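Trainee: Give me a model of this one.
(one chain, ligands or ions: 1)
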Amino acid sequence: MNLAFIGTGIMGLPMAGHLLAAGHRVTVTSRTKSRVEPLLAKGATWADSPAAAAKDASVVFTCVPDTPDVESVLLGKGGVIESARAGLIVVDHSTISPSATREMAAKLVERGTTLLDAPVSGGDIGAKNATLSIMVGGDAAAFATAEPLLRHMGKTITHCGGIGTGQLTKLVNQILVSVTNLAVCEALTFAKKAGLDLPKTIQAVGGGAAGSWQLTNLGPRMITGDFAPGFMIKLQQKDLRLVAEATKELGLDLQALQRVTELFDRAGAEGRGNEGTQALFAMV
Ligand SMILES: NC(=O)c1ccc[n+]([C@@H]2O[C@H](COP(=O)([O-])OP(=O)(O)OC[C@H]3O[C@@H](n4cnc5c(N)ncnc54)[C@H](O)[C@@H]3O)[C@@H](O)[C@H]2O)c1
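Mentor: Residues are numbered from 1 along each chain as shown. I've put the predicted structure just below:
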C-alpha cells in the first residue's frame, strides 16, 4: 500500500520503520531531513511537504508534537488538505486537543478525507518494539481499513468511539501515567533515604501489586540518573494542559493531578523540558 508518514521523531521514526519493514511503500516528511536518513536508507521516499507526501498515499500518518503542529501539517500551507481527496484516510498519532481534532476532521471531510485520532501509549520502547497501545476515535469503516496497518506498530488497538474519543482516552492514560510517575519518584526517594538496594527494591515491588510500566521502565533510569528522553517533560506539560482543559470542562477537581502538574511545570521552568519524564525524580 502507498503510505505517508509525517513527523519522524522519537515515536514516528520507529513507527514508520515498522510500516516499511512490513513491505509498504512509505513517503516521509519531517522538519529535520537529517533525522529521517535511517528511513531513507531502508527504502522510504522523501517528500518536501505534507501535501507532496500525501499525494499518492492511501493512508497518511502524522506524529508531531502539539495541536498547532497537526493543524499546520494537515490544514496549513503545503498541508495534507492541498492534496486531500475522496477516500484518503489520515491517522493522527499525536496527542492533541480533542475539540481541535473534531474541527480538523470536519474540514477534511469536506474533501472526502477521513481523520482518525489515534494517540499512542507505550513510550519510545513501545514504538521500537511495536507494542504500542493505540486508542482510536473516528469512522468505523476507516478504522477497519487502518487497523491492519496499526497492528504493525502496536499490540493493543482499540476503537474507542467517534472522532475525538481516542484523544479523550489518551488523557485518561496521561492522568494514570503522570500520577504513577510521581508515586514511583516518591517511593524510590523513600527507598534511597532508607538505605535500600534500589535495583533490588524495584525488582521486589515490581513483581507484586505495585508493578507498573512507569516503575519497570523509568525506575531504573531514575536511580542511575539517566534523564535522556523517552517522553520529554515539555510534552508531558503539554498533555497535562490538555487534561486540565478537559477536567475544567467536566467540572472536576483532581488533587494528585494538580500536584504532579505543578511539579512538571517547575521542572520545565528549571530548564528540564527536553529531559525524559523520569527526571521528575530530581524534583521530589
Ligand atoms: N515520546 C514518547 O514517549 C511519546 C509517547 C506517547 C505519545 N507521544 C506523543 O507523540 C507525539 C510525538 O512525540 P515525539 O516524542 O515523537 O516528539 P519528537 O519531538 O521526537 O518528534 C516530533 C517530530 O515531528 C516533527 N515535526 C514537528 N512539526 C512538524 C511540522 N510542522 N511538519 C513536519 N514535521 C514536524 C519534528 O521534526 C519531529 O521529528 C507527541 O504528540 C507526543 O505527545 C510521545
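
Trainee: Residues touching the strand or helix carrying Leu19, excluding its own?
Mentor: Following DSSP states H and E, one finds Leu19 within helix 12-21. Outside helix 12-21, the residues that touch it by CB atoms under 8 Å, 6 or more residues apart in numbering are 3, 5-6, 8, 26, 28, 30, 35-36, 38-39, 42-44, 61, 63-64, 93, 120, 124, 127-128, 130, 132, 149, 152-153. (C-beta placed from N, C-alpha, C; glycine too.)

Trainee: Could you do stretch 143-154 as well?
Mentor: Outside stretch 143-154, the residues that reach it (CB under 8 Å, 6+ apart) are 1, 3, 15, 18-19, 21-22, 24, 59, 89, 91, 116, 118, 120, 122, 126-127, 130-134, 136, 157, 159.

Trainee: Would you agree Ile202 is in contact with Arg221?
Mentor: No - the criterion here is CB atoms under 8 Å, and Ile202 misses it with Arg221 at 10.7 Å.

Trainee: ok, the two, which is more surrounded?
Mentor: Between Ile202 and Arg221, Ile202 has the larger neighbour count (other CB atoms under 10 Å), namely 24 against 17.

Trainee: Residues of the stretch 51-200 of the chain that sit close to the ligand?
Mentor: Cys63, Val64, Pro65, Asp69, Ser72, Val73, Ser94, Thr95, Val120, Ser121, Gly123, Asp124 (CB under 6 Å from any ligand atom).

Trainee: which residues does the one residue in the stretch 1-150 of the chain that gets nearest to the ligand contact?
Mentor: The nearest approach of the stretch 1-150 of the chain to the ligand comes at Gly9, 1.8 Å away (CB to the nearest ligand atom). By CB under 8 Å, 6+ apart, the residues touching Gly9 are Ser30, Arg35, Cys63, Val64, Pro65.

Trainee: Now it, what are its backbone angles?
Mentor: phi -90, psi -140 (degrees, to the nearest 10).

Trainee: per-residue confidence at it?
Mentor: Gly9 carries a pLDDT value of 95.

Trainee: Roughly how far does it sit from His93?
Mentor: Applying CB to CB, to the nearest Å, the value for Gly9 to His93 is 11 Å.

Trainee: shared neighbours, the two?
Mentor: By CB under 8 Å, 6+ apart, the residues touching both Gly9 and His93 are Cys63.

Trainee: buried sites along stretch 187-200?
Mentor: Using 16 or more other CB atoms under 10 Å as the test for burial, stretch 187-200 gives Ala187, Leu188, Ala191, Leu198.

Trainee: ok, which stretches of the stretch 101-250 of the chain are helices?
Mentor: Using DSSP state H, counting those that start in this stretch, the helices of the stretch 101-250 of the chain run over 123-129, 140-150, 165-193, 198-206, 213, 219-223, 233-250.

Trainee: can you list the ones you listed in a markdown table and add mean pLDDT and distance to Ala279?
Mentor: As requested, the helices of the stretch 101-250 of the chain are arranged in a markdown table below (pLDDT from 0 to 100; distance: least, CB to CB, whole Å):
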| stretch | mean pLDDT | distance to Ala279 |
| --- | --- | --- |
| helix 123-129 | 96 | 14 |
| helix 140-150 | 98 | 31 |
| helix 165-193 | 98 | 10 |
| helix 198-206 | 98 | 16 |
| helix 213 | 96 | 17 |
| helix 219-223 | 98 | 8 |
| helix 233-250 | 97 | 6 |
